[in-house]
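K.L.:
Following is a predicted model, sequence given first.
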Amino acid sequence: MPIPTEPRRVVSAVRRVSSPSAHRETHPNVTDILTVARASGGSGADILSLVNTFLGIAVDLEGRRMVLANGVGGVSGPAIRPQALYTGPSGCSEVKVPVMGMGGIMNASDALEFLLVGARAVQVGTANFVDPAASVKILDGIAAYFQSRGIPSVAHFVGSLKESRQSTIFST
Ligand SMILES: Cc1cc2nc3c(=O)[nH]c(=O)nc-3n(C[C@H](O)[C@H](O)[C@H](O)COP(=O)(O)O)c2cc1C
């Protein structure tokens, strides 16, 4: 697949005016997220955030209408976590730029899963609407996990998944 020019142009433009870091949040609703991630990384992004919301709709059976005023909306939260794990840090592990994993992280275990498959950091979105203290609890939970297992730092844990069988749906 040819490298798309749009991510490269956007990231390059941001890079020229931003200091010290350019951060790109990548949408998963593309045919080949790895190609988009490569284009962003190759044009100066310091960090890639993966993933943004997945497109979805809701319909009102009685009214036979779309529920959302805009028709289509973004699906976030626990439902997207397996896809986010797959397309995010796991799917983009070969991209040189550090990946910040996100999508459905609700607790420390979820966050640790993203670190395990290669995310260098995580973000928490929807969980904050459920519990405003979620991020602090997640941070404490990660620290407790490392402490109980004698893991000295995040760096010792990131990407330490023992076996990875990456599907071939991502182009190379
Ligand atoms: C209410 C809401 C607003 C969001 N606004 C933005 C936004 O302005 N820009 C953006 O890149 N992503 C936005 N996102 C996507 C989140 O950054 C995140 O990628 C997504 O929600 C998946 O993570 P989560 O399951 O932890 O929420 C938004 C998500 C939600 C739920």
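P.N.:
Done, it's in. All of these numbers come straight from a predicted model, not from anything done at the bench.

K.L.:
Up against the ligand, what does the chain have?
P.N.:
Within the chain, the positions near the ligand by CB under 6 Å from any ligand atom are 25, 52-53, 76-77, 80, 102-105, 124-126. Glycine gets a C-beta too; all of them are placed from N, C-alpha and C.

K.L.:
Among those residues, which pair sits farthest apart?
P.N.:
Across the residues of the chain next to the ligand, the longest distance by CB to CB is 16.4 Å; it joins Glu25 and Gly77.

K.L.:
if we can go back for a sec, counting neighbours, which of the residues of the chain next to the ligand comes out on top?
P.N.:
Taking other CB atoms under 10 Å as the neighbour criterion, Gly103 ranks highest of these with 31 neighbours.

K.L.:
Wasn't that residue part of a strand?
P.N.:
No: membership of Gly103 in a strand is not supported by DSSP: H, G, I helix; E, B strand; the rest coil, which gives coil.

K.L.:
my guess is it meets Ala84, correct?
P.N.:
Yes: using CB atoms under 8 Å, Gly103 is in contact with Ala84, at 2.5 Å.

K.L.:
quick one, phi/psi of Ser49?
P.N.:
Dihedral angles of Ser49 (phi, psi; degrees, to the nearest 10) stand at phi -100, psi 120.

K.L.:
Compute the number of surrounding residues for it.
P.N.:
So Ser49, with other CB under 10 Å, has 21 neighbours.

K.L.:
That one against Pro98, yeah?
P.N.:
No: counting by CB under 8 Å, Ser49 stays clear of Pro98, with 10.1 Å between them.

K.L.:
Can I get the residues of the chain next to the ligand in TSV including pLDDT?
P.N.:
Putting these into TSV (pLDDT from 0 to 100) gives the following:
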residue	pLDDT
Glu25	66
Asn52	92
Thr53	95
Ser76	97
Gly77	98
Ile80	97
Met102	95
Gly103	97
Gly104	98
Ile105	98
Val124	98
Gly125	97
Thr126	98
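
K.L.:
For the chain, give the residue positioned nearest to the ligand.
P.N.:
Gly125 (2.6 Å; CB to the nearest ligand atom).

K.L.:
Now do the contacts for that residue.
P.N.:
Ser76, Met102 (CB atoms under 8 Å, 6 or more residues apart in numbering).

K.L.:
Look at it and tell me its secondary structure.
P.N.:
coil.

K.L.:
Nothing else from me, thank you.
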